[in-house]
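K.L.:
quick one, what's the 3D model for this:
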Amino acid sequence: MSAVLEQRAPAAPRLRRDRRRWAWGLAAAALVVWSLAGLMTGPVLNPPGVGALGRFAGAALSPELDGAFLSVLGTAALVTVAYAALGAAIAVALGAAGAVLVSGTTWGRRRWGWTAARAALAVPRGLHEAVWGLLLLNVLGLDPWVGVLAIGIPYGAVTAKVFADLLDEVPRGPYEALLAAGAGRVGAALYGLVPQAAGGLASYAFYRLECAVRSAVVLGLIGAGGLGYQLSLSFASLRWEQVWTAVYALALLCLSADVAGRAVRRRLAGPRTGSGTRGGGLRRDRVLTGAVLLSAAAVAWSWWYLALSPATLVSARTGDELAYVLGAAWPPDTSGALLADVAGAAVDTLEMSVLAIALATAGAVLLAGVAARPAGPAAPARRLAGTLVRVVLLLLRAVPPPVWALVVLFVLLPGVLPGAVALGVYTLGVLGRLAAEATEEADPRPRAALLAMGARPAGAWLLGVLPQAAGPVLAFALYRWEVVVRDTVMVGLLGAGGLGALLASRTATFDWPAVTTVLAATVLLTFAVDVVSDRARRALR
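P.N.:
Numbers count the residues shown, from 1 in each chain. This next block holds a predicted model:
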């Protein structure tokens, strides 16, 4: 009898875990249905726009190759790279300084301090780079610092959180030894934790540089210059050939950043090839040394190219403008009419984000098998199909969501739905790549066994690979949901509805108390989605 009970005991936790997963799954399905019902309350199609969409798509085969326009794009690309390099450098510097301050190891048992420090990070990282750009534009005017700080401030908060998590995951023996020797918590963290986490910290820093390139493009769409600005000008003037040239330039820039970043991260995570440590540690490697030196040179060049002046940040005019904005923005507007508008916009934002992540997840699952690189020999047709899908996914994530929103508006009437579709298409490019990588890392033996038993390739993938990749893909999707919520504000600034549209209208009229209220609602919504996403990811483990 006791043996039977011992065998049944482990089944209880597993049953509870399965029930939690089913509950989260049903809740997610209900949320998608609710969001779809909320956005499909009236006519959504725009039939006359089909012809315009056809002309736009047809121009993809005949991009503008005029020398003068290519020269303009080349200069714009340099501006984009400069914004990305300096923004990422500021983000890494802020993240390195803030990581020790928000690390759980540093605070020890003083959980109140750790909670307060993490809460302080929620404000800068809860606002999209485009929002920061819009706010800084009102303080600094048309100055290059706008684009640099709009990337550096929110990315710095995100980097501090990730760096702190990396520090908390390394062995604490050296740290505790330094504490026992009389060192302070901050000093012990710097000398006892940072060296062990150096590889992971460097890897994430290079990843942030990749992301900064895309953010620099987005900031161009709101007037900061660069490739995004040229793309918006061409789109506004209906010069589709120029639009496609700019899109291809964006794709090439993003591809270069992706390939370089992945190469560096793989060397950081790979096995030791010489003297040094294994795994995530830094090692004496010519490629890594070259990457670090090249990044430092890019930061120095960017500072010179943009002609940044620190005096701008401490000038009397900047101080006066900042004081005016802060004074005008407090206290926030809590009138009933505005709160009702904020509540309605928050619902639209949530529905937009849910539909976007649902569309992206479904597409990523469908394309993951084709996009994944075969582990062994494969037919030429299979390899060609995989290459084409990976190129398409690259184009999807290279084009910013606001541009996709403008494209979707050819066939959909203005509203929240075009924003959801645009964000879904863009996020599909990101999730599709992550899903393909999860598929590549799955154990190939179950699929091989099914093929040996006579199963069709599609069936072998569904039964042998998909169950292994489902967990990581859903975890990626839940993480991207947090990002999509922030991105909804970006497309909203350009008229797609939600909190972003409300923020744009209040900023345009200089209604700063209302702006404060909308920003607070945005941060709270982002925080709520962060909490729900974290709980859902825990249920998947």
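K.L.:
and the helix or strand hosting residue 535, what does it pack onto?
P.N.:
Element membership of residue 535, judged by DSSP states H and E, is helix 512-540. If contacts are counted by 3 or more Cβ pairs under 8 Å, 6 or more residues apart in numbering; DSSP states H and E, helix 512-540 sits against helix 11-39, helix 111-126, helix 316-329, helix 336-371, helix 466-491, helix 498-508. Backbone N, C-alpha and C define where each C-beta goes, glycine included.
K.L.:
just send these back as a markdown table, with mean neighbour count and distance to residue 86 too.
P.N.:
Shown next, in a markdown table, are those (neighbours: other Cβ atoms under 10 Å; distance: least, Cβ to Cβ, whole Å):
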| stretch | mean neighbour count | distance to residue 86 |
| --- | --- | --- |
| helix 11-39 | 13 | 38 |
| helix 111-126 | 16 | 17 |
| helix 316-329 | 13 | 18 |
| helix 336-371 | 21 | 30 |
| helix 466-491 | 22 | 21 |
| helix 498-508 | 23 | 25 |
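K.L.:
so which of those gets nearest residue 444?
P.N.:
Of all the helices and strands packed on helix 512-540, it is helix 466-491 that lies closest to residue 444, at 9.9 Å by Cβ to Cβ.
K.L.:
any idea how far that closest one is from the chain center?
P.N.:
Centroid separation for helix 466-491 versus its chain: 9 Å, with Cα atoms, centre = their mean, to the nearest Å.
K.L.:
going forward, the N-terminal residue is numbered 716.
P.N.:
In the new count, where the first residue is 716, that last one comes out as helix 1181-1206.
K.L.:
distance to residue 853 and mean pLDDT for the helices and strands packed on helix 1227-1255 - can I get that in JSON lines?
P.N.:
JSON lines is the format used below for the helices and strands packed on helix 1227-1255 (distance: least, Cβ to Cβ, whole Å; pLDDT from 0 to 100):
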{"stretch": "helix 726-754", "distance to residue 853": "32", "mean pLDDT": "72"}
{"stretch": "helix 826-841", "distance to residue 853": "17", "mean pLDDT": "72"}
{"stretch": "helix 1031-1044", "distance to residue 853": "6", "mean pLDDT": "85"}
{"stretch": "helix 1051-1086", "distance to residue 853": "20", "mean pLDDT": "87"}
{"stretch": "helix 1181-1206", "distance to residue 853": "16", "mean pLDDT": "78"}
{"stretch": "helix 1213-1223", "distance to residue 853": "8", "mean pLDDT": "84"}
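K.L.:
distance to residue 1146 added to those helices, as JSON lines?
P.N.:
Formatted as JSON lines, the helices and strands packed on helix 1227-1255 follow (distance: least, Cβ to Cβ, whole Å):
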{"stretch": "helix 726-754", "distance to residue 1146": "15"}
{"stretch": "helix 826-841", "distance to residue 1146": "21"}
{"stretch": "helix 1031-1044", "distance to residue 1146": "36"}
{"stretch": "helix 1051-1086", "distance to residue 1146": "4"}
{"stretch": "helix 1181-1206", "distance to residue 1146": "6"}
{"stretch": "helix 1213-1223", "distance to residue 1146": "21"}
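K.L.:
which of those sits closest to residue 915?
P.N.:
Residue 915 sits nearest to helix 1181-1206 of all the helices and strands packed on helix 1227-1255, at 17.1 Å, using Cβ to Cβ.
K.L.:
about what we covered before: just so I know, which of the helices and strands packed on helix 1227-1255 lies nearest residue 1150?
P.N.:
Shortest distance between residue 1150 and the helices and strands packed on helix 1227-1255, using Cβ to Cβ, is found for helix 1051-1086: 3.8 Å.
K.L.:
list the helices and strands that closest one packs on?
P.N.:
For helix 1051-1086, the packing partners by 3+ Cβ pairs under 8 Å, 6+ apart come out as helix 726-754, helix 1095-1113, helix 1131-1155, helix 1181-1206, helix 1213-1223, helix 1227-1255.
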